[in-house]
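Undergrad: Provided below are the primary sequence and the corresponding predicted coordinates.
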Amino acid sequence: MTPTSPLLGERELSKLKWRCRRGLLENDLFIERFFKQYEAALTVDQAQAMTDLMDLSDNDLLDLLLGRKEPEGALATADVLALLKQMRATTH
């Protein structure tokens, strides 16, 4: 994520949080902890990476969050990898 990426506005943050609601409690816990720790400093690039992750099925997302799998193909961007690292770290 580029350090010059602007911070996410309040309205965009609210939309992102709504978009991040998941069917699996385990995913929701990862996402909730992430927002609790990072929402005040969330950038536009991070929000796009989160949106990309939210396009996955619940089980595929959980596999990524638990480190059972790594992103592949178009999803394997630097922003997504950095975001996953942050999200995984919030469980410790």
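TA: Here it is on my side, so go on.
Undergrad: where's Glu12 relative to Thr51, distance?
TA: Remark: distance between Glu12 and Thr51 (Cβ to Cβ, to the nearest Å) = 10 Å. No exception for glycine: its C-beta is placed from N, CA and C like everyone else's.
Undergrad: Same check on Ala89?
TA: For Ala89, the distance to Thr51 - Cβ to Cβ - is 20 Å.
Undergrad: so what pLDDT did the spatially most central residue of the chain get?
TA: In the chain, the residue lying closest to the centroid (Cα atoms, centre = their mean) is Met50, at 3.5 Å. Note for Met50: predicted pLDDT of 97.
Undergrad: surely it meets Arg22?
TA: No - applying Cβ atoms under 8 Å as the test, Met50 and Arg22 come out as separate, 11.8 Å apart.
Undergrad: picking that back up, correct me if wrong, but the residue nearest to the centre of the chain is in a strand.
TA: No - per DSSP: H, G, I helix; E, B strand; the rest coil, Met50 lies outside any strand segment and is helix.
Undergrad: residues contacting it?
TA: For Met50, the contact set (Cβ atoms under 8 Å, 6 or more residues apart in numbering) comprises 16, 19-20, 83.
Undergrad: Please report which of the residues you listed has the highest neighbour count.
TA: Leu83 (24 neighbours; other Cβ atoms under 10 Å).
Undergrad: what helix or strand is that residue on?
TA: Here Leu83, judged by DSSP states H and E, is contained in helix 78-89.
Undergrad: any idea of the mean pLDDT in that helix?
TA: 96.
Undergrad: ok now that helix, how far from the chain's centre?
TA: Its chain's C-alpha centre lies 7 Å from the corresponding centre of helix 78-89 when counted by Cα atoms, centre = their mean, to the nearest Å.
Undergrad: Can you name every helix or strand that that helix contacts?
TA: Helices and strands touching helix 78-89, as assessed by 3 or more Cβ pairs under 8 Å, 6 or more residues apart in numbering; DSSP states H and E, comprise helix 25-38, helix 44-54, helix 58-65.
Undergrad: closest one to Pro71 among the ones you listed?
TA: helix 58-65 (6.4 Å; Cβ to Cβ).
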